[in-house]
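>>> No sequence on hand, only this structure:
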Ligand code: ADP
Ligand code: ZN
């Protein structure tokens, strides 16, 4: 156990009275243990395990959670007193106390960090703010004001321009996060009267409403046997884990609904996790139309809304919770079913402490609750696939679409043999002849098409033919992307923008070349190719508000748009019967990421995007443009052969000792000072090499070697033994406890390795 309970190290000894009762408190700090505080007379009897308390911590007051009570004073030093008890009843039940304790060990963070991450934000502070702060551009503010800040205050310019685009209030915290800004640009603009800051009590729930989903008359035989397999342990109140492999449209959701219904009937609750991006009013509506009290938890909710939902769940008023990653912590009573839909999605992994994977936490929580856990996907993660092969999960399959339609054919087009278009002067060919022909034909028949590519902006590379360099961000190790609509170069890491230089910043040669294509360029060239088509683009630049998303999809659904161009955003969950053609503009871009999962991601992407075509009575067709036609990920995807892909990929991973055949830990050290970063990672390498039997890869610069001015170095540790993994975590925690700087991140089972 990494975090010994009831051990008193800090707060530093202070002379004071001894107490009749002591509380062990977990605080949201990267510390190795919980701290003991004295319970003052007036609080005795009012404090219990699972309640939040305020405690003096160093010079500050912190919110912590009581994880134990006793009459033993700390072994050394004198305990300080609790400052306040914040709850009248336990906020964190025994089940979540146990779960977060496990998370601390599993993900190498403190119990307090795990605990505070499961509480709704409003409960992390002593005084939860029920109101939200929203900002908007003042009426009449426009080009004149933009021009005034353009040169000297680029951050204010970026903010003001975005607010003008949004044309309505947006939560201040959210826009600052999205544009990577502190709050000083907001304040400066507010002082000039160009931006309005308001406090509002926002109550609107974007997820309100039901969407009709008629209950099928009878389940198919496949669905029936899946449901039966799930019901047996549910009714027996035994834990069991399942992997439900089924393409989109194969009836998975119907299986979930059926099982949840039975769970409710026997008095048990349910949690359904879906990726944030699939958490649409439509999806939520399906659950609302079937069950009376559904609580929804998603990132666009205000703190106050989340708190209300949390309370409803914890009082038992809502027994079904649908939400993104963190909904796995909803305080559902007598949890009977946990569903993780699209379990392969990388967004289930949290990118900050505690760096948990919601799929693994779901399995753990279900086990502790004696609940059934179902992982669903058309393209299961290799981890889950392997678990099913080894019998740790029970495999269930829905191999056919309910509609009876087969899978649309996938054609792979070799872009190496396509003649480059000379007339556009850029030497890049975006659309193969085959794709262009099909787009034209579809348009003529009044059918709809979707084009996918995973890059936004106009061109991702600005290249100088003189010195053969590309224009890069000053503070990040990436090239800048040319955004034509706003006439600026943008860093996709730090969000900084700057005007396009007339000449190469390195050698001063005039005229930079725009290479490669992003969604803006695809949209533009599509407009040239098919001038009569009605186009829409969906990426994070055009979809500033949730409403934008609904509007475009609504228009597409009504047939007011012929062609939809977009990034990741359109790869999931869309269901439009008139779409007959889906094109993947460049399948190579995900293949070439420096990530051991790049083949898996490419396979998933093609399969998922392919699921968007031929959903109705019309047959669909998928075009995959690539220069890697022989790559096994592309070949297996084109053959709709998940098992073939998984078998091949698993074999390769086994040879190289990667997950799912080993566990990995990534150690990342970041600092503004390059030398400190290097020394920090060397120290980590040194302690890791002392652990017998683990493979230490690195240290090396991270694939993105600098972000926002911080130099980044990393190490990958691979091991096949849980015991060694424990050792690895222990030595890293010890190391991070010893040094304040540079910043050291421990990521167990990393998903992003950039
Ligand atoms: P998935 O979650 O795998 O994408 P869904 O459960 O949403 O699949 O089912 C796809 C479509 O088929 C939905 O429109 C659903 O209403 C319908 N459907 C599912 N099961 C049945 C069934 N047994 N009989 C008739 N229609 C069904
Ligand atoms: Zn940058």
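Now that the structure is in, tell me what you want to look at. Computed from a predicted model, the values in this text were never measured in an experiment. Ligands and ions are numbered 1, 2, ... in the order given.

>>> now the strands for the stretch 451-600 of the chain?
461-463, 481-483, 488-490, 497-499, 513-515, 535-538, 563-566, 579-584 (DSSP state E, counting those that start in this stretch).

>>> Reformat those as a markdown table; add distance to residue 88.
Heads up, the C-betas are built off the backbone N, CA and C, glycines and all. A markdown table is the format used below for the strands of the stretch 451-600 of the chain (distance: least, CB to CB, whole Å):
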| stretch | distance to residue 88 |
| --- | --- |
| strand 461-463 | 59 |
| strand 481-483 | 52 |
| strand 488-490 | 49 |
| strand 497-499 | 49 |
| strand 513-515 | 62 |
| strand 535-538 | 47 |
| strand 563-566 | 48 |
| strand 579-584 | 54 |
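
>>> wait, doesn't residue 680 sit right on residue 739?
Yes - between residue 680 and residue 739 there is a contact under CB atoms under 8 Å: 7.1 Å.

>>> who's more crowded, those two?
residue 680 (26 against 15; other CB atoms under 10 Å).

>>> Let me see the contact set for that one.
Taking CB atoms under 8 Å, 6 or more residues apart in numbering, we find residue 680 in contact with 669, 671, 713, 739, 741, 742, 744.

>>> residues touching residue 440, list them.
The contact partners of residue 440, by CB under 8 Å, 6+ apart, come to 529, 530.

>>> Get me the contact residues on the stretch 351-500 of the chain for ligand 1.
residue 402 (CB under 6 Å from any ligand atom).

>>> For stretch 482-498, which residues meet the burial criterion?
482-484, 486, 488-497 (16 or more other CB atoms under 10 Å).

>>> Tell me the one of those nearest ligand 1?
residue 492 (31.5 Å; CB to the nearest ligand atom).

>>> Where do the helices of the stretch 101-250 of the chain begin and end?
Under the criterion DSSP state H, counting those that start in this stretch, helices of the stretch 101-250 of the chain are mapped to 111-118, 143-150, 154-166, 172-178, 184-191, 221-236.

>>> Which of these comes out lowest on mean pLDDT?
Per-stretch mean pLDDT for the helices of the stretch 101-250 of the chain is lowest at helix 172-178 (a mean of 87).

>>> and it, what does it pack onto?
Where contact means 3 or more CB pairs under 8 Å, 6 or more residues apart in numbering; DSSP states H and E, helix 172-178 is packed against strand 132-137, helix 154-166.

>>> Of those, which is nearest ligand 1?
Judged by CB to the nearest ligand atom, the one of those that comes nearest to ligand 1 is helix 154-166, at 32.4 Å.

>>> re the thing from before, any chance of CSV for the helices and strands packed on helix 172-178, columns distance to ligand 2?
Output for these, formatted as CSV (distance: least, CB to the ion, whole Å):
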stretch, distance to ligand 2
strand 132-137, 24
helix 154-166, 12
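
>>> will you turn those into CSV that also has mean neighbour count?
Shown next, in CSV, are the helices and strands packed on helix 172-178 (neighbours: other CB atoms under 10 Å):
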stretch, mean neighbour count
strand 132-137, 20
helix 154-166, 20
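
>>> Figure out how far the strand ranked longest in the chain is from the centre of its chain.
Longest strand in the chain by number of residues (criterion: DSSP state E): strand 695-707. In this view, strand 695-707 has its centroid 22 Å away from the chain centroid, taken as CA atoms, centre = their mean, to the nearest Å.

>>> right, and the helix or strand after it?
For strand 695-707, the following helix or strand on the C-terminal side (DSSP states H and E) is strand 710-719.

>>> Give the pairing partners of that following strand; include direction for each.
strand 663-671 (antiparallel), strand 695-707 (antiparallel) (DSSP bridges).

>>> Make TSV out of those strands and add mean pLDDT.
Output for the strands paired with strand 710-719, formatted as TSV (pLDDT from 0 to 100):
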stretch	mean pLDDT
strand 663-671	96
strand 695-707	93
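
>>> Tell me which of these sits nearest to residue 372.
strand 663-671 (25.5 Å; CB to CB).

>>> chain center to that closest one: distance?
With CA atoms, centre = their mean as the basis, strand 663-671 stands 19 Å off its chain's centre.

>>> Return the angle between stretch directions for the helix or strand just after it and strand 710-719.
Sequence order places helix 674-689 as the next helix or strand after strand 663-671, per DSSP H and E. Calculated by axes from the mean of the first three to the mean of the last three CA atoms, to 10 degrees, helix 674-689 forms an angle of 10 degrees with strand 710-719.

>>> what about the residue in the stretch 501-650 of the chain that ligand 1 sits nearest to, distance to residue 29?
Going by CB to the nearest ligand atom, ligand 1 is nearest to residue 575 of the stretch 501-650 of the chain, at 7.9 Å. For residue 575, the distance to residue 29 (CB to CB, to the nearest Å) stands at 45 Å.

>>> higher neighbour count, these two?
residue 29 (17 against 14).

>>> was I right about that one contacting residue 55?
No - the criterion here is CB under 8 Å, and residue 29 misses it with residue 55 at 11.0 Å.

>>> most tightly surrounded among the helices of the stretch 101-250 of the chain?
Comparing the helices of the stretch 101-250 of the chain by mean neighbour count (mean count of other CB atoms under 10 Å), helix 111-118 ranks first with a mean of 26.

>>> what about residue 37, helix or strand, and which?
Taking DSSP H and E as the criterion, residue 37 maps to strand 35-38.

>>> ignore the last one, residue 69
Using DSSP H and E, residue 69 falls in strand 60-70.

>>> Identify each buried residue in that strand, please.
Residues 62, 63, 64, 65, 66, 67 are the ones in strand 60-70 that count as buried (16+ other CB under 10 Å).

>>> Also stretch 74-90?
Within stretch 74-90, the residues that count as buried by 16+ other CB under 10 Å are 74, 78, 79, 80, 81, 82, 83, 85, 86, 87, 90.

>>> Wasn't residue 313 part of a helix?
Yes - judged by DSSP: H, G, I helix; E, B strand; the rest coil, residue 313 forms part of a helix.

>>> For ligand 1, see how far away it is.
Going from residue 313 to ligand 1 by CB to the nearest ligand atom, to the nearest Å gives 24 Å.

>>> what does the model give residue 333 for pLDDT?
pLDDT, residue 333: 92.

>>> hang on, the earlier thing: can you tell me which of the buried residues of stretch 482-498 are up against ligand 2?
Restricting these to those touching ligand 2 (CB under 5 Å from the ion) yields 491, 493, 494.

>>> pretty sure the last one contacts residue 474?
So that's residue 494. No - using CB under 8 Å, residue 494 is not in contact with residue 474, being 9.2 Å away.

>>> what's near enough to touch whatever residue of the stretch 651-754 of the chain ends up closest to ligand 2?
Ranked by CB to the ion, the top residue of the stretch 651-754 of the chain for proximity to ligand 2 is residue 708, at 6.5 Å. Neighbouring residues of residue 708 by CB under 8 Å, 6+ apart: 475, 476, 493, 494.

>>> redo that, cut-off 7 Å
Residue 708 makes contact with 475, 476, 494, according to CB atoms under 7 Å, 6 or more residues apart in numbering.

>>> Let me see the backbone angles for the nearest residue to residue 709 once chain neighbours are set aside.
Leaving aside its chain neighbours, residue 709 sits nearest to residue 475 (4.2 Å; criterion: CB to CB, 6 or more residues apart in numbering). Reported as degrees, to the nearest 10, the phi and psi values for residue 475 are phi -110, psi 0.

>>> Understood, closing this out.
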